[in-house]
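Peer 1: Predicted model, plus sequence, below.
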Amino acid sequence: MNIAVITGASAGLGYEYVKEVIAQYPDLDEYWLIARRAERLEAVKEQYPDKKIVPVCLDLTNERSFEEYSRLLRASSPVIRILVNNAGFGKLGKLADMPYEEQIRMVDLNNKALTAITTISLPYMQRGCFVVNVCSIAAFAPNPRMTVYCSTKAYVLSFSRSLRFELKDKGINVLAACPGPMRTEFLALAGIEKGSSKTFDTLPYCDPHKVAERSLKRAAQGKGVYTPRAFFKFYRFIAKYLPHELVMYLSQT
Ligand SMILES: NC(=O)c1ccc[n+]([C@@H]2O[C@H](COP(=O)([O-])OP(=O)(O)OC[C@H]3O[C@@H](n4cnc5c(N)ncnc54)[C@H](OP(=O)(O)O)[C@@H]3O)[C@@H](O)[C@H]2O)c1
């Protein structure tokens, strides 16, 4: 049985991944959609009556979710052709002004869950399968007022590159998708609204549909990193070559 697994599939970019995975890989036996809001996952399922959509309602900040995910895989022994680690969130604000629980939850979802889901999934992947880890332009350099978020995304980028190297011999690709801002629920949850950040007010925005479509294609082609839009490709370039003190000054959120 061939399946795709998509985390954070109930909204935003994750929902775009659901649509694109189904469009690009219509012959998979099952599509496993992970998120907390069961009603949203059920609504997605109803949109595809001719596909086997499997809503998997899990809170990925809860470690028990990893046991449940392992159990589901053991029970059906599928081949995971595509794994999209997309669930994640950010918060705008200085570290000292935010409760530590919020910071830890960010690390738990953006890093701990992504690491656990990937590790648990790998025994079910084989040559030709691939992983898309949703990262961010925030991975390219530190961003004051998003200190924990950009650190979690730097982890995702490093994790993805290193794992890609480890899995080369097995023919399994790992791609880090690094979009800039997108108009999804992410912004309100992060406390980003008009006037709260000059950078977010002036940056160009990415189209989540294109991000999903193109990152899946790049991952299948064996690429390691996907950054949409020339503007953010340029940012990635300068973040690599300029001192980070200067990059932080220029890109302050
Ligand atoms: N939007 C942006 O500006 C932007 C820019 C760069 C990168 N990104 C990255 O893109 C990814 C998707 O973000 P988005 O913009 O699509 O945000 P979103 O619209 O808020 O969607 C987040 C998804 O993650 C799920 N999720 C949140 N907490 C979860 C938990 N504890 N357990 C399981 N699932 C959980 C949510 O579903 P439930 O609430 O139903 O659980 C939802 O499906 C994230 O990794 C984010 O860091 C976003």
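Peer 2: Perfect, thanks for sending it. None of these values were measured; they are calculated from a predicted model. Residues are numbered from 1 along each chain as shown.
Peer 1: and the lengthiest helix in the chain, what other elements does it pack with?
Peer 2: The helix that spans the most residues within the chain, counting by DSSP state H, is helix 147-167. Contacts defined by 3 or more CB pairs under 8 Å, 6 or more residues apart in numbering; DSSP states H and E place helix 147-167 against helix 100-107, helix 114-121, strand 130-134, strand 173-177, strand 225-226. For the C-beta atoms, the positions are set from N, CA and C on the backbone; glycine is no exception.
Peer 1: right, is the helix or strand of the chain with the lowest mean pLDDT up against the ligand?
Peer 2: The least trusted helix or strand in the chain, going by mean pLDDT, DSSP states H and E, turns out to be helix 198-202, with a mean of 90. No - Helix 198-202 does not reach the ligand (CB under 6 Å from any ligand atom); its nearest approach is 8.4 Å.
Peer 1: re earlier: quick one: check the longest helix of the chain for contact with the ligand.
Peer 2: No - judged by CB under 6 Å from any ligand atom, helix 147-167 makes no contact with the ligand; its nearest approach is 6.8 Å.
Peer 1: Now whichever residue of the stretch 51-200 of the chain sits closest to the ligand: closest residue in space, sequence neighbours ignored.
Peer 2: Using CB to the nearest ligand atom, the closest approach of the stretch 51-200 of the chain to the ligand is made by residue 88 at 2.4 Å. Nearest residue to residue 88, sequence neighbours excluded (CB to CB, 6 or more residues apart in numbering): residue 110, at 4.5 Å.
Peer 1: got TSV for the helices and strands packed on helix 147-167, with mean pLDDT too?
Peer 2: Supplementary listing: these in TSV, determined by pLDDT from 0 to 100:
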stretch	mean pLDDT
helix 100-107	97
helix 114-121	99
strand 130-134	99
strand 173-177	99
strand 225-226	98
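Peer 1: List the buried residues in stretch 193-205.
Peer 2: 197, 199-200, 203 (16 or more other CB atoms under 10 Å).
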